[in-house]
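J.: whatever this is, show me its structure:
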Amino acid sequence: MSSSYGVDRFFNATAASFVISCVFAKWGPFCIRRVEGESMRPTLNPQLPRQLSDDIVLARRVPSTHPGHIVHFRGKVVLVGDPRDDGKTTLIKRLRGVQTDIVKPRARPGCPERETLRVPDRSVWIESDAGPGYVDSNTLGPIDIDLVVGVARWIIWPPERMGRVS
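T.: Residues are numbered from 1 along each chain as shown. Next comes the predicted model:
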């Protein structure tokens, strides 16, 4: 009975993921993104390289990039268009600061301690959960607020990790 229950649970989770993908992500206020790499460990992809597949997240699209709206996402995991390629690819990082916030950039290996800075108007500061050495605002600087695409809400794959993004 327990092996049958596990198989049923796997297929139910897979079916739920498929329905969410087709219905909401394509036509609704949601989008789905695969999380690549280790920069958001332990929040996302915590077991790479032992994990068989990357996490896949369901994100709520940001209806407005008005600064008053974005401030509510401080501390959340956000999807941001990569400024190095005009937003064609997506970075998934934690929103650490919005315009006028004071942030302390992380020290990079081999670099001296950095001073605090004020996030410029119409900009955000994003960081990797895994620490220094990854592509985020510590290497790119403040990111234009219009590149914020969405807020990660749920891990929808793999089935054993389904749940809210913390």
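J.: next, give phi and psi for Ala152.
T.: phi -70, psi 130 (degrees, to the nearest 10).
J.: show me where this structure has its strands.
T.: With DSSP state E, the ranges of strands along the chain come out as 30-34, 56-61, 77-81, 90-98, 102-103, 117-118, 123-127, 143-144, 148-157, 163-164.
J.: pLDDT-wise, which helix or strand of the chain ranks last?
T.: helix 26-27 (a mean of 54; mean pLDDT, DSSP states H and E).
J.: including mean pLDDT, mean neighbour count and distance to Pro67, could the strands of the chain go into CSV?
T.: In short, each C-beta sits where N, CA and C put it, glycine included. What follows is these, written out as CSV (pLDDT from 0 to 100; neighbours: other Cβ atoms under 10 Å; distance: least, Cβ to Cβ, whole Å):
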stretch, mean pLDDT, mean neighbour count, distance to Pro67
strand 30-34, 91, 17, 22
strand 56-61, 94, 20, 17
strand 77-81, 96, 22, 14
strand 90-98, 97, 23, 6
strand 102-103, 96, 14, 15
strand 117-118, 94, 15, 14
strand 123-127, 97, 25, 9
strand 143-144, 96, 20, 12
strand 148-157, 95, 21, 10
strand 163-164, 96, 8, 26
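J.: including distance to Ile70, could the ones you listed go into CSV?
T.: Listed next are these as CSV, based on distance: least, Cβ to Cβ, whole Å:
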stretch, distance to Ile70
strand 30-34, 17
strand 56-61, 13
strand 77-81, 9
strand 90-98, 5
strand 102-103, 15
strand 117-118, 16
strand 123-127, 7
strand 143-144, 11
strand 148-157, 6
strand 163-164, 20
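J.: residue closest to the middle of this protein?
T.: Geometric centre of the chain, nearest residue: Ile92, 3.1 Å, by Cα atoms, centre = their mean.
J.: that one and Val57 touch, don't they?
T.: Yes. Between Ile92 and Val57 a contact is recorded at 7.2 Å, counting by Cβ atoms under 8 Å.
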